[in-house]
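Asks: Need coordinates for the following:
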Amino acid sequence: MSVFSSQSHTNLRAPRLELITEDGGSYVQVQSWGNIEGIRLLSMDRLIVHKLNELGSNHEYHLGELVLLRPKQYGGLILGRVYGEHILMEPFGKVVSMERWSIVGAILAVERDIGNGSPLALHAYVGLYNAPKHYEAHIDEDKVCEPLYVEELSKRLQQENSRASCVIAIEKEIISVLLAQVPQGKLWISPNTEESVPTLYKEWQVASKRAQRKNWMRRHRKDPVYHKHLPNTPEDIHRVLTVSIASK
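Replies: As a prediction, the model looks like this:
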């Protein structure tokens, strides 16, 4: 079983995407909602692109990395997940023919404004940038957060300091990469996974590699330790102390 919540194939929908290049950088604008593994993409979300496959570049794309694909003839942009020698189409898990598609680049992060909800269906590590001190002190880099915790944290940050940013990843080492680049007032979610999309494609090679990786992870993965509660704000602490003193 994947760390992501399972979804019925009939409930899956591929997002409609537009590639935009401006100010020397590239991002993908989500034009209509859709799914990728563990994340619901909403209209007007941005997908931050890196590892652009430009002339002369020779990037290596890793297991579980989300990539942007362009048709070699006609059609729209799609997303795919790297899995061994294959790329599986998101969110349906079908093997992509590289005779028909080419890689534009990899997706570093899903971006939306802080406080606008969390699209997560997974537990993940979290990092903060420019956040109030009581949140910085509260977050433990070795603990993971549940989806509702992340959503509430994002809303609180927007209310207390709209310039604060929050980054989320299921791979702990990616947190520092995201924190070094996230703009103010944004929620960034790494779309990288530890294993590929649940696939309906029954090719033996794909199925056997997936089974081998799941067995290895089952033996080596430690049970995650969760953040249980968000910290009290200074105003909450002051109010409790005032009530306590008044009651004496």
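
Asks: Now do the strands in the chain.
Replies: Along the chain, counting by DSSP state E, strands occupy 16-22, 25-32, 34-36, 39-41, 46-50, 66-71, 78-83, 86-89, 101-113, 125-129, 165-169, 186-189.

Asks: Which residues does the second one contact?
Replies: Same thing as strand 25-32. Strand 25-32 has contacts (Cβ atoms under 8 Å, 6 or more residues apart in numbering) with 15-20, 41-49, 52, 68, 77, 105, 107, 111. Just so you know, the C-beta spots here come from the backbone N, C-alpha and C atoms, and that holds for glycine as well.

Asks: give me that answer again for 10 Å
Replies: 13-21, 41-50, 52, 68, 76-77, 79, 104-105, 107-112 (Cβ atoms under 10 Å, 6 or more residues apart in numbering).

Asks: again, but for the fourth one
Replies: Contact with strand 39-41 is made by 4, 7, 13-17, 28, 30, 32-35, 45, 47, 66, 79, 90-91, 110, 112, 117-122, 168, 189-191, 193, as judged by Cβ under 10 Å, 6+ apart.

Asks: residue ranges with poor pLDDT in this protein?
Replies: By pLDDT under 70, the low-scoring segments of the chain are 1-10, 55-56, 118-120, 195-222, 234-248.

Asks: Around Glu141, count how many other residues there are.
Replies: The tally of other residues near Glu141 (other Cβ atoms under 10 Å) stands at 10.

Asks: Pull the contacting residues for it.
Replies: Neighbouring residues of Glu141 by Cβ under 10 Å, 6+ apart: 125-127, 172, 175-176.

Asks: From Ala137, how far off is the residue lying closest to Pro224 once chain neighbours are set aside?
Replies: In this structure, Pro224 finds its nearest non-sequential neighbour in Val144, 4.5 Å apart by Cβ to Cβ, 6 or more residues apart in numbering. Val144 sits 18 Å away from Ala137, taking Cβ to Cβ, to the nearest Å as the criterion.

Asks: What's the local residue count around Tyr61?
Replies: By other Cβ under 10 Å, 17 other residues sit near Tyr61.

Asks: tell me the contacts of the nearest residue to it once chain neighbours are set aside?
Replies: Leaving aside its sequence neighbours, Tyr61 sits nearest to Val82 (Cβ to Cβ, 6+ apart; 4.8 Å). Taking Cβ under 10 Å, 6+ apart, we find Val82 in contact with 60-67, 88, 103, 106, 192-193, 196.

Asks: Could you save the strands of the chain as CSV and add columns showing distance to Gln159?
Replies: Formatted as CSV, the strands of the chain follow (distance: least, Cβ to Cβ, whole Å):
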stretch, distance to Gln159
strand 16-22, 30
strand 25-32, 25
strand 34-36, 28
strand 39-41, 23
strand 46-50, 22
strand 66-71, 31
strand 78-83, 32
strand 86-89, 39
strand 101-113, 13
strand 125-129, 15
strand 165-169, 13
strand 186-189, 14
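
Asks: between those, which one is nearest to Tyr149?
Replies: With Cβ to Cβ, the closest approach to Tyr149 among those belongs to strand 125-129: 8.4 Å.

Asks: Partner strands of that closest one, with direction?
Replies: If you go by DSSP bridges, strand 125-129 pairs up with strand 165-169 (antiparallel).

Asks: hey, where'd the helices end up in this protein?
Replies: Assigned by DSSP state H, the helices in the chain fall at 133-138, 147-160, 174-179, 204-220, 234-247.

Asks: Run through the residues that contact the nearest residue to Asp142 once chain neighbours are set aside.
Replies: Spatially, and ignoring its direct neighbours in sequence, Asp142 is nearest to Val225 (6.7 Å; Cβ to Cβ, 6+ apart). By Cβ under 10 Å, 6+ apart, Val225 lies in contact with 140, 142-144.
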